[in-house]
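Enquirer: Sequence below, structure please.
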Amino acid sequence: MYPKNVVHSFNIDPTIRDNFWTYALGSTAMWMVDVSINQGTLQRLNAVPTFAHAKMVMLIFFVISVTVKVLAIITGISMYARYADCDPLLSGKVAHSDQVVPYYVMDVGGSILGLPGLFIAGVFAAALSTLSTNLLNLSTTIYTDLLSGFVSKSISERNVSYILKLIVAVVGIVDCGLVLIVGKFGGILQFGISLLGITYGTLLGLFTLGMVFPIANKQGALCGGIAGIIFSSCMVLGNLWYKFHGTLPDYPKPVSTRGCNFTTPLLIETRNYHGGEMPVAFFRISFWYYPFYGCLVVLVVGLFVSFVTRKPNSTPRPELISPMFQFLLPQKHLQRSASYRRSEVALKITAHATEDQ
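Expert: Numbers count the residues shown, from 1 in each chain. The predicted structure follows:
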């Protein structure tokens, strides 16, 4: 029986892959990381001259992102409606689900001069832009956090450039190798979001812990971060392991070949599961929830450890707490933080606090 995991379902079962709550909670947590603490996003925001320009950039980003998401949803609905009676994957016209969109473009707009080429150019441009940004971020992070302590402080910028290029080449080769195993884990979307969920939830939890809760300290952040990484890794890697061995099936929407223009037996795919015992619910949690649960674990563990290890005479630093959550500070610290209300002032105070550390 095909489970009722349609997008408009309000079932709170976290093992359902796609419904209202998976997007409202899980996807929101992932987007919060992408638009607020992601290194690539911060690099772009720091490249503009003023904070007002940064806000304008985020506004433009919001409008374009919503437009792209709406177009993607419309495209998906159109594809499903067009191929409901003759599924390209089930009928053998394409070999993998990732090929359905290019097939749809050729089927609908193949007769329009230049449209298929424009589509391919757009896909390649978007992919290369994202890939180049991520390779740059990863190479600089690896060099700064892992390698800079082992090289001479008098190293020239040219040699640093060579090292960064070597790191990019190695990471690029690893990326190409990962492409060969993506198909084993249910498609590039689920595989990519699952791996991002290991770090995204922990990052969101650490930043939320430090910016929202005055009681948080370094012991709580350390223990919360470790707990979040371990929890997310077990959940994600366990899910991928079961998928790789075929004991955790996917349930796509029902499709058929009854409308195909060739003589074949009627095929209607519902994918009933007749395998062995299903994994425990922990490993069947929807991949959309990984950042959300990872963040939740960091906050719970971090706050508990911070409460246990707090010092009686510790003084919170109001300049490190978000203006929206200044009311959580003790009353005696509210007067000292009165000037920390506008975003421009907050940015300057936080920058000075970072330099003092």
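
Enquirer: Tell me if I'm right that Y143 and I163 touch.
Expert: Yes - Y143 is within contact range of I163, at 6.1 Å (criterion: Cβ atoms under 8 Å). In short, each C-beta sits where N, CA and C put it, glycine included.

Enquirer: For this structure, which element, helix or strand, carries the lowest mean pLDDT?
Expert: Taking mean pLDDT, DSSP states H and E as the measure, the helix or strand of the chain with the lowest value is strand 268-269, at a mean of 50.

Enquirer: and the residue nearest to F282 when sequence neighbours are not counted, how far is that from A281?
Expert: What sits nearest to F282 in space, not counting adjacent residues and going by Cβ to Cβ, 6 or more residues apart in numbering, is M235, at 6.4 Å. Distance, M235 to A281, by Cβ to Cβ, to the nearest Å: 11 Å.

Enquirer: Would you mind telling me which of these two has more residues around it?
Expert: Set side by side, M235 and A281 give different neighbour counts by other Cβ atoms under 10 Å, the larger being at M235 (24 against 10).

Enquirer: That one and L166: what is the separation?
Expert: Counting by Cβ to Cβ, the separation of M235 from L166 is 34 Å.

Enquirer: Quick check: which helices or strands does the helix ranked longest in the chain pack against?
Expert: With secondary structure taken from DSSP state H, the chain has its longest helix at helix 51-82. Counting contacts by 3 or more Cβ pairs under 8 Å, 6 or more residues apart in numbering; DSSP states H and E, helix 51-82 is packed against helix 39-46, helix 100-109, helix 343-356.

Enquirer: relative to helix 39-46, how tilted is it?
Expert: For helix 51-82 and helix 39-46, the angle between their directions (axes from the mean of the first three to the mean of the last three Cα atoms, to 10 degrees) works out to 140 degrees.

Enquirer: buried set for helix 51-82?
Expert: 54, 79 (16 or more other Cβ atoms under 10 Å).

Enquirer: Same check on stretch 192-199?
Expert: When neighbours are counted by 16+ other Cβ under 10 Å, the buried residues of stretch 192-199 are found to be 193-199.

Enquirer: Check stretch 14-21 too.
Expert: Neighbour-count burial for stretch 14-21 flags 14-17, 19, 21 (criterion: 16+ other Cβ under 10 Å).

Enquirer: do stretch 297-306 as well
Expert: By neighbour count, and taking 16+ other Cβ under 10 Å as the criterion, the buried residues in stretch 297-306 are 297-299, 301-303, 305-306.

Enquirer: so can I have CSV of the residues you listed showing secondary structure and distance to C260?
Expert: Putting these into CSV (DSSP: H, G, I helix; E, B strand; the rest coil; distance: Cβ to Cβ, whole Å) gives the following:
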residue, secondary structure, distance to C260
V297, helix, 48
V298, helix, 50
L299, helix, 52
V301, helix, 54
G302, helix, 55
L303, helix, 57
V305, helix, 60
S306, helix, 61
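
Enquirer: for these, which one is nearest D87?
Expert: Proximity of the buried residues of stretch 297-306 to D87, judged by Cβ to Cβ, is greatest for V297, which lies at 39.5 Å.

Enquirer: Contacts only, for G192.
Expert: The neighbourhood of G192, defined by Cβ atoms under 8 Å, 6 or more residues apart in numbering, contains no residues.

Enquirer: can you tell me the helix or strand for it?
Expert: Assigned by DSSP states H and E, G192 belongs to helix 188-212.

Enquirer: tell me which strands and helices the next helix or strand after that helix is in contact with?
Expert: Stepping forward along the backbone from helix 188-212, the first helix or strand reached (DSSP H and E) is helix 218-244. For helix 218-244, the elements it packs on are helix 188-212, helix 290-309, judged by 3+ Cβ pairs under 8 Å, 6+ apart.

Enquirer: Can you tell me which of the ones you listed is nearest to V171?
Expert: The stretch from the helices and strands packed on helix 218-244 with the least distance to V171 (Cβ to Cβ) is helix 188-212; that distance is 14.1 Å.

Enquirer: any idea how this structure splits into domains?
Expert: Domain assignment for the chain, taken from automatic domain parsing, gives 20-205+212-310, 315-357.

Enquirer: if I look at the residue nearest to F282, how far off is D34?
Expert: Distance from M235 to D34, counting by Cβ to Cβ: 20 Å.

Enquirer: Now intersect the buried residues of stretch 14-21 with the helices, please.
Expert: W21.

Enquirer: contacting residues for S9?
Expert: 16, 19-20.

Enquirer: Next one: it, what pLDDT does it get?
Expert: pLDDT, the model's per-residue confidence, is 72 for S9.

Enquirer: cool, H274 as well?
Expert: Predicted confidence (pLDDT) for H274: 47.

Enquirer: ditto for C234
Expert: With respect to pLDDT, C234 has a value of 92.

Enquirer: Now do it against F287, distance only.
Expert: C234 sits 14 Å away from F287, going by Cβ to Cβ.

Enquirer: how about low-confidence regions in this protein?
Expert: 1-8, 182-187, 249-253, 262-277, 331-357 (pLDDT under 70).

Enquirer: I'd assumed P49 was in contact with V57.
Expert: No - between V57 and P49 there is no contact under Cβ under 8 Å: 11.1 Å.

Enquirer: quick one on the thing from earlier: how far off centre is the longest helix of the chain?
Expert: 16 Å (Cα atoms, centre = their mean, to the nearest Å).

Enquirer: Repeat that for stretch 309-316.
Expert: Centre-to-centre, stretch 309-316 and its host chain are 35 Å apart (Cα atoms, centre = their mean).
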